[in-house]
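Asker: got a sequence here, can you model it:
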Amino acid sequence: MIVGFASPSQAFAAPVKKAIVVVSFGTTFPEERRESIEAVENKIRAGFPEYEVRRAFTSKIVMKRMAETQNIQVDSLEQALEKLYKDGYKEVIVQSTHLTPGEEYDNKIVAVVHKYAKDFDKIVIGRPVLVYDGSNGTPDDFAIAVKALKSQMPLLQLHDRSVVFMGHGSPHQHNPAYGKLQQAFDTAGVHAVVGVVEEVDHPNYGDAVALLKERNIKRVILMPLMLVAGDHANNDMAGDEPDSWKNLLAADGFQVVDIYLHGLGANSEFQNIYVQHIKDAIEEKYVKSY
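Answerer: Prediction:
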């Protein structure tokens, strides 16, 4: 048996202060904030009790409206990191709840972490939901996401109907993640069609309708492919305006048999994806340190 003795400095050394910053786009819908964003944060908090878990949003518009109309202040990522630095935290995991590594992720998360890299002993970014496709020893994020999404989709998979997911897309650059997710659904034999609300990106509404017609689908169930069922889901997807997907699909001859107005953050299997990505970040697997 080997017995070791700590030096006085080691014996009384304070534990390293560690934190996880969960970064979301944000939403002004209070119920969705609780059901989706807060639910993800609580799952992370339960999974990593040794870490302080804090919230940050990337949308300045959302933060401004919440402050003005709900008297709720939410930090930007810059503000959250400043506070952690001043509070003496040494190790930080920044976990994005964004679905894809698009412009918002690059400019408002990665770029910000670069600015604060020297302020911490360790700062690592946990990847978004849809990054790796299983090649070169990486996880298949798309297959994992499909498995999680199946848990909230209707159990009855009939040949004449399909779930139609509305994602966000990017107005500035094409994001191939949505096309890869469609391939993952097809490989798994799941009746789902993916589209994005940004008309300049693909697969957009027209692409989704073309695929529905190609597959001779007559009935559809609408679901948001977003962390929260906020403005896009309630208005662009399920709203009463003529250009909502609900009404556009009806005008194009489809029957909208159901609308699922809950964000992905309310799905416990989807919450587990973020927990796993934090574990990967802590172990510095499939991530880049700064």
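Asker: give me the number of residues near Lys64?
Answerer: 11 (other CB atoms under 10 Å). Heads up, the C-betas are built off the backbone N, CA and C, glycines and all.
Asker: name the nearest residue to Thr97, ignoring sequence neighbours.
Answerer: Spatial nearest neighbour of Thr97, chain neighbours left out: Ser24 (4.4 Å); criterion: CB to CB, 6 or more residues apart in numbering.
Asker: for Arg127, see how far away that neighbour is.
Answerer: Note on Ser24: its distance to Arg127, by CB to CB, to the nearest Å, is 15 Å.
Asker: ok, what's across the strand from the residue nearest to Thr97?
Answerer: Ser24 has the following beta-bridge partners by DSSP bridges: Phe57.
Asker: so who does it touch?
Answerer: 37, 40, 55-58, 96-98, 227-228 (CB atoms under 8 Å, 6 or more residues apart in numbering).
Asker: make CSV from these and add secondary structure to it.
Answerer: Below are those laid out as CSV (DSSP: H, G, I helix; E, B strand; the rest coil):
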residue, secondary structure
Ile37, helix
Val40, helix
Arg55, strand
Ala56, strand
Phe57, strand
Thr58, coil
Ser96, strand
Thr97, coil
His98, coil
Leu227, coil
Val228, coil
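Asker: shaky segments in the stretch 101-250 of the chain?
Answerer: 155-157 (pLDDT under 70).
Asker: now do the helices in it.
Answerer: 103-105, 111-115, 141-150, 177-187, 205-214, 231, 245-251 (DSSP state H, counting those that start in this stretch).
Asker: closest one of the contacts of Ser24 to Gly179?
Answerer: His98 (17.4 Å; CB to CB).
Asker: got the CA coordinates for stretch 260-280 in CSV?
Answerer: Presented in CSV, the C-alpha positions along stretch 260-280 are these (Å, rounded to 0.1, in the frame of the first residue of the first chain):
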residue,chain,number,x,y,z
TYR,A,260,-46.9,19.9,-33.8
LEU,A,261,-46.0,23.2,-32.1
HIS,A,262,-43.2,22.2,-29.7
GLY,A,263,-39.5,22.9,-30.1
LEU,A,264,-36.9,20.2,-30.2
GLY,A,265,-35.7,21.3,-26.8
ALA,A,266,-38.8,19.7,-25.2
ASN,A,267,-37.7,16.3,-26.6
SER,A,268,-35.7,14.5,-23.8
GLU,A,269,-33.8,12.4,-26.4
PHE,A,270,-32.8,15.6,-28.2
GLN,A,271,-31.7,17.1,-24.8
ASN,A,272,-29.4,14.1,-24.5
ILE,A,273,-27.5,15.1,-27.7
TYR,A,274,-26.4,18.3,-26.0
VAL,A,275,-25.3,16.4,-22.9
GLN,A,276,-23.2,14.1,-25.1
HIS,A,277,-21.6,17.0,-27.0
ILE,A,278,-20.6,18.5,-23.6
LYS,A,279,-19.0,15.2,-22.6
ASP,A,280,-17.1,15.2,-25.9
